[in-house]
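*Asks:* this is the structure alone, sequence omitted:
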């Protein structure tokens with residue numbers, strides 16, 4: 001199945017709460033057919049931005065658009081973007097199925113759709129249980145089912161892996177990947193890059209309410225400093241090799257971890273006649289890149 005997902009865009013978006021500037025001149029776009037990770041530390045302004053995108057919070061400046069118009073201007077907005085911003089906004093006395101059935105008329109779908117979705121998200125056995133007794137992970141699954149009610153071409157999820165067990169995380173990754181492969185637009189927020197790096201195609205990173213980076217995941221990985229593990233029978237020769245190459249090196253296991261690409265280290269070892277028993281690229285650490293991009297330039301106070 002092929003679905004034409006809408007482009008999601010924010011343009012010069014800003015939001016102030018009194019003297020606090022929660023979002024500051026934020027501009028980025030989310031393309032269809034891809035999973036985009038919306039990343040930043042806690043308090044970076046992610047949820048506020050998503051609320052403005054969905055018309056739940058009025059911007060101080062700028063605008064947020066879904067397919068070139070505000071979300072609220074779509075005749076049936078839930079049929080365009082399905083969103084789950086909180087996994088706690090449920091009536092505790094309602095059953096999971098009753099929760100979906102309460103939203104079904106607003107979205108314009110049948111009760112049969114509710115039954116299908118409660119099974120799809122793995123809650124068939126708890127459909128008639130009150131939500132007040134659900135675990136955090138079960139609430140996350142119910143929030144996702146609510147977002148999917150209208151079979152929308154775009155999905156916006158805020159911290160969707162919170163409370164999910166490892167099996168649930170893998171299930172969610174596969175679901176988001178499948179939706180993007182159909183051509184839908186998928187935007188997922190997280191404050192931990194490691195939670196989404198195996199899922200996303202693109203990243204939008206904010207800190208202190210401002211954009212600090214937007215690119216494909218592969219381009220972000222290109223910012224990671226490459227490292228190479230080398231090990232040989234003559235440690236002194238390996239250290240001289242690093243010194244001649246001008247590379248920083250530190251002990252690691254029986255060898256050295258060198259701040260240089262493996263191809264460069266291997267070529268230098270060949271020219272110098274230095275025998276190596278192991279030469280392995282360790283790549284860069286995306287989490288280090290993320291922390292560097294989002295670090296407070298003035299430091300913690």
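*Replies:* Received the coordinates, thanks. Computed from a prediction, not measured in an experiment: that's the story for all the values here.
*Asks:* and the most centrally placed residue in the chain, what pLDDT?
*Replies:* Nearest to the geometric centre of the chain sits residue 37, at 2.9 Å (C-alpha atoms, centre = their mean). Note for residue 37: predicted pLDDT of 96.
*Asks:* could you list every helix and strand in contact with the longest helix along the chain?
*Replies:* Longest among the helix segments of the chain by residue count, using DSSP state H, is helix 166-181. The contact analysis (3 or more C-beta pairs under 8 Å, 6 or more residues apart in numbering; DSSP states H and E) places helix 166-181 against strand 34-39, helix 136-147, strand 185-190. All C-beta spots, glycine's among them, are computed from the backbone N, C-alpha and C.
*Asks:* could you rerun that using 6 Å?
*Replies:* Under the contact criterion of 3 or more C-beta pairs under 6 Å, 6 or more residues apart in numbering; DSSP states H and E, helix 166-181 touches strand 34-39, strand 185-190.
*Asks:* what pLDDT, on average, does it get?
*Replies:* Mean pLDDT, helix 166-181: 94.
*Asks:* got the buried residues for it?
*Replies:* Going by neighbour count (16 or more other C-beta atoms under 10 Å), the buried part of helix 166-181 is 168, 169, 172, 173, 175, 176, 177, 179, 180.
*Asks:* ranges for the strands of the stretch 101-250 of the chain?
*Replies:* Along the stretch 101-250 of the chain, counting by DSSP state E, counting those that start in this stretch, strands occupy 154-158, 185-190, 202-207, 210-216, 228-231, 249-252.
*Asks:* quick one, which of these is nearest to residue 295?
*Replies:* strand 202-207 (7.8 Å; C-beta to C-beta).
*Asks:* which residues does the closest one contact?
*Replies:* Here strand 202-207 makes contact (C-beta atoms under 6 Å, 6 or more residues apart in numbering) with 28, 34, 36-40, 44-45, 212-214, 216-217, 220, 293-294.
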